[in-house]
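Asks: quick one, structure for this:
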Amino acid sequence: MPPSESSSPIRSRHPRFYFRDGSVVMMDTETLYRLHLSVLENRSTIFRDIFSLPFGNPLADAGAGTVVQPSDTANTANAFVLEGQNDNHPFELPAANVTPSKFDNLVTYLYTGTSGYPGDMPFLLDVLDLSSFFDIADGVQYVVGALEYRPNFSAVQRFKLARTYNIHQWIEPAIRDLVQWDTTSFTLSDVYDIGIEAFHHIVQAKSKIMRLRVGMAYKPPALVKGPDCQGACEYAWSREWWNDLGKYILHPQWMASGSSIKTQIEISNLPGVCESCRDTTVEGMALKGAFEKDKDILEAAVAEVKKAHGDFTPPRLESYMPSHFNSY
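Replies: Predicted structure coming up:
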């Protein structure tokens, strides 16, 4: 004998999100929601596709109260769409992906205005996770905007979310920030969150840039005598490079960028070196690309990481600023 509806397990209705005029009943592992099909279909392409399947009525043939499973009919699509018609036949959400707290936060996002959002990190991460799972584009956009300028939202968190949810616009700024970090400050958890391949590119870029800086600090560039020079500046140039500029380049509290080194040379008062020789030398170094090599290394690393994550957009060169290597 088919089981009666009265023999179905008792399920609790959500105190806020079981609407009397709702058109589809959904259930997480423990709670029933009665929501509006129009809201779900307008916001989620996944729900739109599910509920646009050819609609039949297997219950009419099976008898009132019959629990219809996909295996009970050749038309499994019709049986699947049947789910959600009432409390005894709810649309069951996949428990592996949708926990009660996550779905509660998603429905809160769908049905309340921004003033009603908790706005804390767990809420935002739940909305992001299920918006990505159910293809709710505005949900992803909301969380991205909310996290963009959130205090204490680290570059590691940004990159982890970027690669987990394909948020391409976060990949490049996250990598640029991570290159600034002291290598010893990365925890094992950070490495797992970033991923081995991206971490490899970060460490490689940092090592190449540091090697570049050590070489520049150790061996002063050849002085180019300026047209207005009236003295002998070569010895003073080497001396002041060691005493002043080399220390700036290798200072333990920052990682000087090529552009910041150029600026430092231009503004430094180097005893015994005339402005004509100093400026002519800087101009020559610039023409040879001496101040751009670190940027080239960084851009190559950024491009490799972006490509590995399916982002083939041009680099955001405007985001490369002198401060990019100025501190950890």
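Asks: beta-bridge partners for the closest residue to residue 86 other than its chain neighbours, please?
Replies: Nearest residue to residue 86, sequence neighbours excluded (CB to CB, 6 or more residues apart in numbering): residue 25, at 6.0 Å. No exception for glycine: its C-beta is placed from N, CA and C like everyone else's. For residue 25, the beta-bridge partners are residue 34 (DSSP bridges).
Asks: residues near residue 25, how many?
Replies: 22 (other CB atoms under 10 Å).
Asks: domains in this structure, by residue range?
Replies: According to automatic domain parsing, the chain comprises the domains 5-93, 188-328.
Asks: contacts only, for the residue nearest to residue 86.
Replies: The contact partners of residue 25, by CB atoms under 8 Å, 6 or more residues apart in numbering, come to 32, 33, 34, 84, 85, 86, 87, 89, 90, 91.
Asks: now the domains of the chain in JSON lines, with distance to residue 108 and mean pLDDT?
Replies: Conversion of these to JSON lines gives the following (distance: least, CB to CB, whole Å; pLDDT from 0 to 100):
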{"stretch": "domain 5-93", "distance to residue 108": "8", "mean pLDDT": "72"}
{"stretch": "domain 188-328", "distance to residue 108": "27", "mean pLDDT": "86"}
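Asks: of the ones you listed, which approaches residue 147 most closely?
Replies: domain 188-328 (15.2 Å; CB to CB).
Asks: which residues in the stretch 1-150 of the chain form helices?
Replies: Using DSSP state H, counting those that start in this stretch, the helices of the stretch 1-150 of the chain run over 37-43, 45-51, 58-62, 76-82, 100-111, 121-133, 137-148.
Asks: go on, the stretch 151-300 of the chain?
Replies: 155-165, 168-180, 188-194, 196-218, 234-240, 246-249, 258-267, 275-287, 293-308.
Asks: residue 16 is nearest to which of the ones you listed?
Replies: Proximity to residue 16 (CB to CB) singles out helix 155-165 among the helices of the stretch 151-300 of the chain, at 27.0 Å.
Asks: next, the buried residues of the closest one.
Replies: 155, 156, 157, 158, 159, 160, 161, 162, 163, 165 (16 or more other CB atoms under 10 Å).
Asks: the residue nearest to residue 111 when sequence neighbours are not counted: what's it in contact with?
Replies: In space, and not counting its chain neighbours, residue 111 is closest to residue 17: 6.6 Å by CB to CB, 6+ apart. By CB under 8 Å, 6+ apart, residue 17 lies in contact with 33, 34, 35, 104, 107, 111.
Asks: fine by me, we can end here.
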